[in-house]
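turn this into a model:
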Amino acid sequence: MFPSGSDLLTVGLLVALEAMLSADNALVMAVIVLGLPRHQQKKALRQGLAGAFTSRIIATLLAVKLIQVLWVKLLGGVYLLYLAYAHFFGRGDAGARRAAKPAQPMFSLSAYWATVVRVEAINLMFSIDSILVAVAVSRVTWVVISGGILGLVAMRVIAAQLLKLVERYPPLVDGAFIIIAWIGIQLSLEYLDASGYIRFEIPRAVSLGLILAIFAAAYIYARAKGPVEHALDPMEEKATELLADDGSP
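Numbers count the residues shown, from 1 in each chain. This is a model prediction of the structure:
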């Protein structure tokens, strides 16, 4: 069977959402590898992200199955709502989080491989929100995996440009977290409906349409407010340069 128009639209939305949510995460991962000697940094970042593809596919396949369980829907919905709340009302100082620390051995691994493992683990932790959003938006496995993987590819290929975009237009990231809040509400309502507490079902087309409208509104609002100019600190500059440099190690 050929993919439906709604499936292709969902893939596109998931790619865009993954890219928006992963922009700052890419910077964090780049800062982690800055603790290695310079000649190992690009190689460690590439190997860490390559391993993240495999773990992302496994985690997504597991999430597609688990999301059918009622209490997982409720837990996922509450978690996404918490993420949105933390973004808008509990943001801390990003400077301390982005401070580079020297790479250290871990669990009998060398400093280099310990750093690669950290990149993979942090990528997986950061992907929990986007995986939950993906399986809530679509139950079609290939759609969820395609959206997530293509989003990761887009994040890696255009990471530096994406970082500059979201730094200049913060409402784009705010829009992504509004979508996360909406999906959290949707999952919670699905749980309440399936449990018999309420009788309310949100059509898939309505949910996709609202997500698209939020993206459009965030873009229009960001353009209307104009770019925000600010100087990156030295550590951010080094991390951005590392993401932009795709040459051989």
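
please name the nearest non-neighbouring residue to Pro227.
Closest residue in space to Pro227, ignoring its immediate chain neighbours: Arg168 at 4.0 Å, by C-beta to C-beta, 6 or more residues apart in numbering. (Each C-beta comes from the backbone N, C-alpha and C, glycine too.)

er, Leu132 actually
Leu132 sits nearest to Gly76 (C-beta to C-beta, 6+ apart), 4.7 Å away.

quick check: that neighbour touching Ile67?
Yes - with contact defined as C-beta atoms under 8 Å, Gly76 counts as touching Ile67 (6.8 Å).

more neighbours: those two, which one.
Neighbour count, other C-beta atoms under 10 Å: between Gly76 and Ile67, Gly76 has more, with 27 against 20.

check what pLDDT the more buried one gets.
On the pLDDT scale, Gly76 is placed at 83.

wait, a strand at it?
No - looking at Gly76 with DSSP: H, G, I helix; E, B strand; the rest coil, it is helix, so not inside a strand.

list the contacts for it?
67, 132, 136, 184, 187 (C-beta atoms under 8 Å, 6 or more residues apart in numbering).

and these as a markdown table, adding secondary structure?
Listed next are these as a markdown table, based on three-state DSSP:
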| residue | secondary structure |
| --- | --- |
| Ile67 | coil |
| Leu132 | helix |
| Ala136 | helix |
| Gly184 | helix |
| Leu187 | helix |
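
Ala19: which of these is nearest?
Taking C-beta to C-beta as the measure, Ala19 sits nearest to Leu132 out of the contacts of Gly76, at 16.9 Å.

how many neighbours does the closest one have?
Using other C-beta under 10 Å, Leu132 has 25 neighbouring residues.

Thr141 too?
So Thr141, with other C-beta under 10 Å, has 13 neighbours.

apart from its chain neighbours, what residue comes closest to it?
Using C-beta to C-beta, 6+ apart and skipping the chain neighbours, the partner closest in space to Thr141 is Val64 (5.3 Å).

now the one you found, what's its secondary structure?
Per three-state DSSP, Val64 ends up helix.

now Gln104
Of the three states, Gln104 takes coil under three-state DSSP.

Glu120 and Ser55 touch, don't they?
Yes - the pair Glu120 / Ser55 is scored as a contact, 6.2 Å apart, by C-beta under 8 Å.

between the two, which is the more surrounded one?
Using other C-beta under 10 Å as the criterion, Glu120 and Ser55 rank with Glu120 on top: 21 against 14.

where does Tyr79 land on pLDDT?
For Tyr79, the predicted pLDDT is 86.

isn't it right up against Leu132?
Yes - counting by C-beta under 8 Å, Tyr79 does reach Leu132; the two are 6.8 Å apart.

alright, that wraps it up for me.
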